[in-house]
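Peer 1: Only the shape, not the letters, is given here:
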């Protein structure tokens, strides 16, 4: 019985891996044909801010973004392990950003 279970497990794992190899091989010719036709995009655009942030937020650090609302109040967003936190920008935040070497 153990041999039968091993054979079935082996057969399932062998067949499960085969399509992944085929799809990777199928993508290669598509990339080559796009490069030959000259339709590959050469320009890279800056990605939009992650979801959960205003669309016009400006990245000011690795995990920090700055956004100014329509009333003129500046907000700092910081990405944490469970999402984004937001607080009003203070003079201490501005001074810390200026003191930090870029």
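Peer 2: Here it is on my side, so go on. Values in this document were obtained by computation on a predicted structure and should not be read as measured data.
Peer 1: give me phi/psi at residue 60?
Peer 2: phi -120, psi -10 (degrees, to the nearest 10).
Peer 1: Give me the neighbour count for it.
Peer 2: With neighbours defined by other CB atoms under 10 Å, the count for residue 60 comes to 15. Any C-beta I mention is one placed from the backbone N, CA and C, and that applies to glycine too.
Peer 1: try the one 10 residues further on
Peer 2: Summarising burial for residue 70: neighbours were counted as other CB under 10 Å, giving 5.
Peer 1: part of a strand, is it?
Peer 2: No - judged by DSSP: H, G, I helix; E, B strand; the rest coil, residue 70 forms no part of a strand; its state is coil.
Peer 1: Can you give me the separation between it and residue 56?
Peer 2: For residue 70, the distance to residue 56 equals 11 Å [CB to CB, to the nearest Å].
Peer 1: Kindly state the beta-bridge partners for residue 77.
Peer 2: residue 65, residue 86 (DSSP bridges).
Peer 1: That one is in contact with residue 85, isn't it?
Peer 2: Yes - taking CB atoms under 8 Å as the definition, residue 77 is a contact partner of residue 85 at 7.2 Å.
Peer 1: neighbour-wise, which of these two wins?
Peer 2: Taking neighbours as other CB under 10 Å, residue 77 and residue 85 compare with residue 77 leading, 21 against 10.
Peer 1: residues touching that one, list them.
Peer 2: 53, 57, 64-67, 84-86 (CB atoms under 8 Å, 6 or more residues apart in numbering).
Peer 1: got it, and residue 53?
Peer 2: By CB under 8 Å, 6+ apart, the neighbours of residue 53 are 65, 67, 77, 84.
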